[in-house]
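>>> Attaching a predicted model along with its sequence, questions to come.
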Amino acid sequence: MDNHFQIVIIGGGTGGIMSAATLLAKDKSLSIAIVEPAEYHYYQAAWTLVGANTFDFEKSRKKMADVMPKGVTWIKDFATAFNSAKNSISTKASGDISYDFLIVSPGLVMDTSQIEGLTEALGKGVVCSNYTNPQHTWEVLKNFKGGNAIFTQPTTPIKCGGAPQKIAYLAADYFRKTGIQSKTNVVLAMPGTVIFGVQLIKETLMEVVKGYGIKFKPSYAPVKIDGENKIITFKVNVAEESLIHADSSIKEKYMGDLLVEMPFDMLHIAPPQVAPEFVRNSDLVNDAGWLDVDIHTLQHKKYANIFGLGDVAGLPTAKTGAAIRKQVPVVIGNILQLIKENKLAEKIYDGYSSCPLVTGYGKMVLAEFNYKNEFTPDPKLKQMLVFKSYKEHWRLWMLKKYILPYLYWNKMLKGKEV
């Protein structure tokens, strides 16, 4: 096997496949390798809907071989280390692979060890997560008969930061439809101080929370899960203890040291998430352990021929497929310009990301924003007769359930303009 390529891409997820397809669409003569060990490629954006039994899990995945762009060398192996000064990477079984340019897009990994008891509890009984097994989430939701249904997320960055609340809204809607709303407490406990960082979206979501009667608990960070006894412990980030008022209606107990305990009859959690170990152990990361790239050019701050995109990148914006859709053209433009004229292209990434916030069966809000948390709706939405995408709309639900999956498989992953 040839062990040198013009462009090596680590990761066969959205960023890797889209990058390779876009490069080849612009120049078929490029030699490109993708290092990716997985058998399947997943459209994880659909997993929120899978967890609420309104999307078929099997339709959220395809064989990696079927999405790998023609003309790419697929190295079905694990990347294990960077030898950036020598322009090469190490792999588990295929030796060292050298490159002229490297695109790092391996995604992120779940780190359940950061919350005590989570490793033992996750995926068992009534402790579920759309991030790891959305089919189990549906089983838990379907079998829930009342009590405390708690939805929470960690203090680490996570992919699609809105996903933990989407399933809370779908669950609340499901409980209403099945007639158990009156004997159910839906609790949304989040480490952040606000429900969403974009003001217009925040106002809509607070109305959604109020409409469902959801108990919203800001500044609540999960620190311990006792799966056997069905108790979750939160650390409450408040200025002083006197501000903590345990809610007796959900049998919440204040334990001292800013800790509260809450019993649950269903718990949905997004596990803590980190960059893959071989990335964290390299000299390519920032102090927080994410790939250290320029936030506008996506070029690595130390190595000029390395670029990073997607969930692994240390960018102050949400980790979503929509962000990757805007990052890939910047990375590709820069690499092609460096090959041609040894300088960066002019196009920059402004931090665009998008979060399709499903707020119930048949309705959705679309949060689109940039680094400044400014609301930046796509003008194309007007063609769908959606003029206020910060409000709930059934057409946005149709976009989420039908149009976006189609565009993902047939446009984005094939390097076509969306």
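Arrived safely.
>>> okay, CA-based contacts and neighbour counts for the rest of this
Fine.
>>> after the longest helix along the chain, next one along is what?
Taking DSSP state H as the criterion, the chain has its longest helix at helix 321-341. Downstream of helix 321-341, the next assigned helix or strand under DSSP states H and E is strand 353-360.
>>> Was I right to think V109 contacts F278?
No. Using C-alpha atoms under 8 Å, V109 is not in contact with F278, being 11.2 Å away.
>>> Please say which of the two ends up with more neighbours.
Between V109 and F278, counting by other C-alpha atoms under 10 Å, V109 is the more crowded of the two (17 against 13).
>>> Give me the pLDDT for E417.
On pLDDT, E417 comes in at 83.
>>> list the contacts for it?
By C-alpha atoms under 8 Å, 6 or more residues apart in numbering, E417 lies in contact with K411.
>>> what does Q165 give?
151-152, 188.
>>> Could you report the separation of the most centrally placed residue in the chain from P276?
By C-alpha atoms, centre = their mean, the chain has its centre lying nearest to K159, at 1.8 Å. Using C-alpha to C-alpha, to the nearest Å, K159 is found at 14 Å from P276.
>>> Flag every buried residue along stretch 200-220.
201-202, 204-205, 208-209, 212, 214-220 (16 or more other C-alpha atoms under 10 Å).
>>> quick revisit: pLDDT on the longest helix of the chain, on average?
97.
>>> cool, stretch 303-318 as well?
pLDDT averaged over stretch 303-318 gives 98.
>>> if we look at it, which residues are touching it?
Contacts of stretch 303-318 (C-alpha under 8 Å, 6+ apart): 14-15, 84, 100-108, 159-161, 275-276, 286, 290-293, 295, 298-300, 319-321, 323-324, 327-328, 331, 351-354, 370-371.
>>> and Y254, that one's in a strand?
Yes. The assignment for Y254 by DSSP: H, G, I helix; E, B strand; the rest coil puts it in a strand.
>>> To which secondary structure element type does the closest residue to it other than its chain neighbours belong?
Once flanking residues are discounted, Y254 sits nearest to V260: 4.5 Å by C-alpha to C-alpha, 6 or more residues apart in numbering. Following three-state DSSP, we place V260 in the strand state.
>>> Could you pull up the contacting residues of V260?
So V260 contacts 233-236, 246, 252-254 (C-alpha under 8 Å, 6+ apart).
>>> what's the pLDDT at it?
97.
>>> If it is in a bridge, with which residues?
Beta-bridge pairing for V260 (DSSP bridges): F234, Y254.
>>> what's the distance between it and I225?
12 Å.
>>> Quick check: neighbours shared by those two?
T233.
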